[in-house]
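Novice: Sequence and computational prediction follow.
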Amino acid sequence: MKVIKEKHSLLMRWTHWVNFPILTIMIWSGMLIYWASDTYSITLFGHTFVHFFPEWFYKFFNIPARLAEGMAFHFLFMWFFMLNGVLYVLYTLISGSWRELVPQKNSFKEAWLVLLHDLHIRKTAPPQNKYNAAQRIAYTAIIVMGLGSVITGLAIYKPVQFYWLAWLCGGYHFAHILHFALTIGYVLFFIIHIVQVVLAGWNNFRSVVSGFEVVEEPASTIKDNLNPSVKFNNHPF
Amino acid sequence: MENQTNQNEETKKELTVEQKIKRRNFISFSTFFVLGGATYGGWKWLYHAPEETAGITAGARKPLRRALNKTELFFRKFYSNNHELKTYPKSMAAKNVRVNSDIGIDDEGFKPENWQLAVVKSKNDVLKVTMAEIKALPKTELVYDFKCVEGWDQIQHWGGVKFADFIEHFKLDEQAKMPYIGMETPNGEYYVGLESESALHPQTLLAYEMNGQPIELEHGAPLRLIIPVKYGIKNLKRIGKISFSNQRPRDYWAEQGYDYYSGL
């Protein structure tokens, strides 16, 4: 029998989807800024593997010679990026849902088993609650990265007034590098995230829009599920 | 009859799981698409928003200029002249100091030896200052990380007179109480506006030396501004005129869509 199972709170869904266009605009306007001094590359033993970014890339996204525009967008949407992040973190702390999110003692070991399972090397996946061990690590990391972008961003933005932030980031020059690397990190996260969402299927995707999943359960257990005292049984706290 | 309507009402109340799923899918996905559409519309509006009317600032979309100015006011709360830049040993200063622009200093036949600085004290009172008078004041050296709005930075070594010392020596304290200071090249083609507070920062210099030598023409000889609490765009080369104002003085890059404040 089909049962509706609540999964994501309204606030989690709201901040997730609000973050998507904001982060897109931040990355885009960030590229408009970066173009003006595009000095980063991945170089090992004198060989440059990737230069950020090749000419065709700039042309494709219409990036060149838009520094002032990029800064104006970046310094408006930074506010929304921060507010949205603060809202999510506060909610997660106050509601207690951080317990389902933050990695646990065994998460790092388990995440490895999840990876092997996802790569079809291992048949069974470790048992999980809302998020599996790999998700706990990834989704917590992305929040920490968001905080990192705000801190390195402020360090670059006002390195004299917030000299202590610049110091914390290893200086103005290094804060730039960190700020850029974090952005590359978001893009990598996004690619894996999309692949995983596609693989996980409709039920999982729907839950991030509508909040619930539909699960098949034998009729006899339904009563137990409605009983709150049983619901919390599988939680160690 | 009565019995049947009761039954109907009951089935209305008691939705099946399938019906509940359908209903919640419908509500949440229509909300999702309506809000998504509104967001897209909002973005279109902002992206195609009209440009501001050209004045002291120009070249930015109206709402974005408003945001820049509001954001300036917020971050100016954190500004303090006690926040000084980190300084470095002279040995760390770049030998090849980057030249990024020659706007306002590309006149043929400019003779630094004929140069004089004009300080507009009031409408009809212009103080002329020679290089000898400036060099007679105590010299301050500064090795710090110069920051360009483009994103690069370079450790550079400058020497000159502190702007605050200059103001004091030439008894310009009254004028410097006005909130803004404007500076421009002798030909008037490059010009910057600064809050007096930033100009009076203890590390703001009227520089005439770079790496211990007289500044070269391309770096702004004979006298240039070094204002470490601002991006390079405000560090005017070859200062010709200094004036004081209650309003924002004209600023070259603020007319090209950049933030007027551009403070660090």
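Specialist: Structure's in. What do you need?
Novice: Going along the chain, name the helices of chain A.
Specialist: Assigned by DSSP state H, chain A shows helices spanning A:10-34, A:55-60, A:67-95, A:98-101, A:107-118, A:133-157, A:163-168, A:172-200, A:202-210, A:219-226, A:228-231.
Novice: Let me know whether the first one sits next to chain B.
Specialist: In this case it means helix A:10-34. Yes - under the criterion of CB under 8 Å from any CB of the partner chain, chain B is reached by helix A:10-34 at A:17, A:21, A:25, A:33-34. The way it works is simple: take the backbone N, C-alpha and C, and place the C-beta from them, glycine included.
Novice: Going by distance to B:Ala132, which of the residues you listed wins?
Specialist: Nearest to B:Ala132 out of these is A:Ile33 (CB to CB; 43.2 Å).
Novice: So for the closest one, what's the nearest residue that isn't a sequence neighbour?
Specialist: Excluding its sequence neighbours, the residue lying closest to A:Ile33 (CB to CB, 6 or more residues apart in numbering or on different chains) is A:Gly70, at 4.3 Å.
Novice: Distance of the one you found relative to A:Leu44?
Specialist: Distance, A:Gly70 to A:Leu44, by CB to CB, to the nearest Å: 30 Å.
Novice: hmm, back to that, show me the least confident stretch of the helices of chain A, going by mean pLDDT.
Specialist: Out of the helices of chain A, helix A:228-231 stands lowest, with a mean of 44 (criterion: mean pLDDT).
Novice: Now do the same contact list for the residue nearest to B:Ser262 when sequence neighbours are not counted.
Specialist: Ranked by CB to CB, 6+ apart and with sequence neighbours excluded, the top spatial neighbour of B:Ser262 is B:Tyr231, at 4.7 Å. Neighbour list for B:Tyr231: B:147-149, B:262, B:264 [criterion: CB atoms under 8 Å, 6 or more residues apart in numbering or on different chains].
Novice: Scan these and report the most crowded one.
Specialist: Counting neighbours by other CB atoms under 10 Å in any protein chain shown, B:Leu264 comes out on top of those with 26 neighbours.
Novice: Contact partners for that residue?
Specialist: With CB under 8 Å, 6+ apart, B:Leu264 has these contacts: A:158-161, B:147, B:228-231.
Novice: go again using 6 Å as the cut-off
Specialist: A:159-160, B:229 (CB atoms under 6 Å, 6 or more residues apart in numbering or on different chains).
Novice: again, but for A:Gly153
Specialist: A:Gly153 is in contact with A:His179, counting by CB under 6 Å, 6+ apart.
Novice: Tell me how far it lies from chain B.
Specialist: 12 Å (CB to the nearest CB, to the nearest Å).
Novice: just to revisit the earlier point, and which of the contacts of B:Leu264 is nearest B:Tyr258?
Specialist: Among the contacts of B:Leu264, B:Val229 lies closest to B:Tyr258 (CB to CB), at 16.2 Å.
Novice: How many residues are close by that closest one?
Specialist: Using other CB under 10 Å, B:Val229 is surrounded by 27 other residues.
Novice: Then A:Thr183?
Specialist: Per other CB under 10 Å, the neighbour tally for A:Thr183 reads 19.
Novice: now swap in A:Pro21 and tell me
Specialist: 16.
Novice: do the same with A:Thr39
Specialist: A:Thr39 has 12 nearby residues by other CB under 10 Å.
Novice: So for it, what pLDDT did the model give?
Specialist: A:Thr39 carries a pLDDT value of 91.
Novice: which non-adjacent residue is nearest it?
Specialist: B:Trp152 (7.0 Å).
Novice: same question, A:Gln104
Specialist: A:Gln104 sits nearest to A:Arg136 (CB to CB, 6+ apart), 7.2 Å away.
Novice: Can you give me the pLDDT of the closest residue to B:Gly232 other than its chain neighbours?
Specialist: Spatially, and ignoring its direct neighbours in sequence, B:Gly232 is nearest to B:Cys148 (4.3 Å; CB to CB, 6+ apart). Looking at B:Cys148, its pLDDT is 96.
Novice: what's the answer for A:Asn233, then?
Specialist: Looking at A:Asn233, its pLDDT stands at 39.
Novice: Might you report the residue contacts of the residue lying closest to B:Gly220 once chain neighbours are set aside?
Specialist: Nearest residue to B:Gly220, sequence neighbours excluded (CB to CB, 6+ apart): B:Lys237, at 2.8 Å. Contacts for B:Lys237 (CB under 6 Å, 6+ apart) come out as B:105, B:220, B:224.
Novice: again, only using 10 Å
Specialist: B:99, B:101-105, B:185, B:190, B:207, B:215, B:217-221, B:223-225 (CB atoms under 10 Å, 6 or more residues apart in numbering or on different chains).
Novice: Check whether B:Pro214 really touches B:Pro112, as I assumed.
Specialist: Yes - shown here, B:Pro214 and B:Pro112 form a contact pair, counting by CB atoms under 10 Å, at 8.6 Å.
Novice: what do those two both touch?
Specialist: B:131, B:208, B:221-222.
Novice: For the residue nearest to A:Thr39, give me its contacts.
Specialist: With CB under 10 Å, 6+ apart, B:Trp152 has these contacts: A:36-37, A:39, A:173, A:176, B:98, B:100, B:146, B:232.
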